[in-house]
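In: dropping a prediction and its sequence here:
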Amino acid sequence: MPDILPGHDVWDHWPVLTPTGAIASIAGGQLVIALTAARSDDPEDRHAVARLRLFHRTDAGWRDLGPLFPADDAPGSRQWSGSAVLADSGDSLRQFFTAVGERHEGSISMSQRLFEATAALCIMDGLPQIGPWHTVTECVRPDGVEYETEMAGGGGIGTIKAFRDPFFFRHTDGQDWLLFTASAAGAQSSWNGVVGAARWIGDGWALQPPIISALGLNNELERPHTIINRGAVYLFWSTQAKVFAPAGPRGPTGLYGVVADHWGGAWRPINGTGLVFANPASAPAQAYSFQVLPDLSVWSFADLPETGDTPPDALARRAAFVGGPAPVLQLALEGDVATLVPQ
């Protein structure tokens with residue numbers, strides 16, 4: 001696995017897509033955005049200092065293009081995942097991302113806000129150039145009715161609540177949607193993860209009811225995204241074994257999904273259970289943050305690929321953690337059935 005940014009952890013990465021969902025070809029390669037953090041003694045600390053960074057990926061490898069946002073231009077105390085899409089004109093980039101906490105906050109908070117930012121895109125000396133960012137706007141807010149507004153949860157790992165991971169999706173009817181990870185408001189269960197949605201109505205994003213609910217089962221349905229394959233709509237998300245309700249049913253860490261004959265149609269669990277594939281039992285945290293792309297390639301990052309249970313101490317976690325792009329997988333879809341193509 002390549003060390004694409006020496007001295008840094010790199011995780012949760014996504015390519016810039018075209019408005020219709022294809023991987024954009026830019027300057028002979030792909031423009032990729034990732035979460036990064038300087039390597040610390042404990043890789044778990046990376047979430048509190050994560051920053052978006054830009055890369056150009058070609059057959060020759062990965063080239064670092066630097067931070068996506070200048071330090072003073074990004075809202076929040078750190079950034080978490082999102083998605084990026086070319087504007088219809090092709091000469092600018094729309095970046096959707098999660099701003100976490102408040103700038104210059106005295107203590108780390110878990111507040112999460114969804115932002116959209118736009119910047120010009122050009123090619124100089126054969127490399128993509130982004131900027132300056134001329135709009136950075138909070139685009140969708142939780143309402144406290146359908147979506148929880150308090151993100152602290154129980155404060156421990158796997159208990160925080162969600163309003164993050166925005167994913168832009170243009171349906172074949174021309175309507176634009178934004179999917180996101182969220183938590184159901186007013187839930188009696190602490191396991192209240194949902195996939196939320198907003199629809200573009202001409203002058204802004206309008207919240208819609210959740211489209212997938214794991215109420216009573218799971219706390220976090222992370223990085224939701226869609227593709228259209230052979231006319232059917234597939235909705236995928238990642239989740240971890242540790243965020244299932246202890247009373248069960250419990251699933252492994254992996255990629256999950258549902259399929260419908262059309263957007264707005266009845267969802268059916270892929271493979272009958274919703275589990276697309278899981279990390280092996282011998283390495284349950286092998287990889288995470290899966291994204292299925294229109295060519296059915298699957299991107300993820302290498303987490304703890306050679307360990308069983310997560311090491312209990314920071315030194316062992318640092319020795320085991322990779323923090324870089326995992327080998328790309330290939331998925332095969334036949335209606336409601338998904339399988340991994342042997343490599």
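Out: Happy to help now that I have it. Residues are numbered from 1 along each chain as shown.

In: got the contact list for the nearest residue to W62 once chain neighbours are set aside?
Out: In space, and not counting its chain neighbours, W62 is closest to I4: 3.9 Å by CB to CB, 6 or more residues apart in numbering. Bear in mind the C-beta positions are built from the backbone N, C-alpha and C, glycine included. I4 makes contact with V10, F55, G61, W62, D64, G324, P325, according to CB atoms under 8 Å, 6 or more residues apart in numbering.

In: nearest to S300, of the residues you listed?
Out: Set against S300, the nearest of the contacts of I4 by CB to CB is P325 (7.9 Å).

In: surely the closest one is in contact with A302?
Out: Yes - counting by CB atoms under 8 Å, A302 is a contact partner of P325 at 7.2 Å.

In: and the residue nearest to W62, that's in a helix?
Out: No - I4 is assigned coil when assessed by DSSP: H, G, I helix; E, B strand; the rest coil, not a helix.

In: and the gap between R230 and L275?
Out: R230 is 21 Å from L275, where distance means CB to CB, to the nearest Å.

In: which SS class is K242?
Out: Secondary structure, three-state DSSP: K242 is helix.

In: how close does the closest residue to it other than its chain neighbours sit to F69?
Out: Closest residue to K242 apart from its sequence neighbours, by CB to CB, 6+ apart: G158 at 4.8 Å. Using CB to CB, G158 is found at 29 Å from F69.

In: these two: who's more crowded?
Out: Neighbours were tallied for G158 and for F69 using other CB atoms under 10 Å; the higher tally belongs to F69 (21 against 15).

In: wait, the more buried one sits on L52?
Out: Yes - F69 is in contact with L52 according to CB under 8 Å; the separation is 6.4 Å.

In: and for the two, which residues touch both?
Out: Residues touching both F69 and L52 by CB under 8 Å, 6+ apart: Q79.

In: all helices for this structure, in order.
Out: For the chain, the helices defined by DSSP state H occupy 314-320.

In: neighbour count: R230 and L275, which is higher?
Out: Taking other CB under 10 Å, R230 and L275 do not tie; L275 has more neighbours (17 against 8).

In: please name the bridge partners of the more buried one.
Out: Under DSSP bridges, the beta-bridge partners of L275 are Y256.

In: kindly report the same for G324.
Out: According to DSSP bridges, beta-bridge pairing links G324 with A302.

In: count of neighbours near P280?
Out: Counted with other CB under 10 Å, the neighbours of P280 add up to 11.

In: ignore the last one, S297
Out: For S297, the neighbour count with other CB under 10 Å is 15.

In: what are the bridge partners for it, then?
Out: Counting by DSSP bridges, S297 forms beta bridges with Q330.

In: in this structure V195 contacts S238, no?
Out: No - counting by CB under 8 Å, V195 stays clear of S238, with 11.4 Å between them.

In: any common contacting residues for the two?
Out: Common contact partners of V195 and S238 (CB under 8 Å, 6+ apart): L221.

In: if we can go back for a sec, compare P325 and A302 (neighbour count), which wins?
Out: P325 (23 against 20).

In: residue contacts, the more buried one?
Out: M1, P2, I4, V10, H13, W62, W299, S300, F301, A302.

In: give me every residue that touches L35.
Out: Residues in contact with L35 (CB under 8 Å, 6+ apart) are V10, W11, D12, H13, R46, A50, R51, L52, R53, Q79, W80, S81.

In: tally of neighbours for the last one?
Out: The burial metric for S81, expressed as a neighbour count using other CB under 10 Å, is 25.

In: do the same with G257
Out: G257 has 28 neighbouring residues, counting by other CB under 10 Å.

In: so who does it touch?
Out: Per CB under 8 Å, 6+ apart, neighbours of G257: Y234, L235, F236, W237, P269, I270, G274, V276, V292, A338.

In: make TSV out of those residues and add pLDDT, distance to Q330 and neighbour count.
Out: Below are these laid out as TSV (pLDDT from 0 to 100; distance: CB to CB, whole Å; neighbours: other CB atoms under 10 Å):
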residue	pLDDT	distance to Q330	neighbour count
Y234	98	15	23
L235	98	19	24
F236	98	15	26
W237	98	19	26
P269	98	22	14
I270	98	16	23
G274	98	20	19
V276	98	13	26
V292	98	10	23
A338	98	11	21
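
In: so which of the contacts of L35 belong to strands?
Out: Filtering the contacts of L35 for membership in strands, criterion DSSP state E, returns V10, W11, D12, H13, R51, L52, R53, Q79, W80, S81.

In: backbone phi and psi for D295, please?
Out: phi -80, psi 10 (degrees, to the nearest 10).

In: excluding covalently adjacent residues, which one is nearest to it?
Out: Among residues not flanking D295 along the chain, I23 sits closest, at 7.1 Å (CB to CB, 6+ apart).

In: please apply the same query to E148.
Out: Nearest non-adjacent residue to E148, counting by CB to CB, 6+ apart: S183, 4.0 Å away.

In: again, but for A38
Out: Leaving out its chain neighbours, the residue that sits closest to A38 by CB to CB, 6+ apart is H8, at 5.6 Å.
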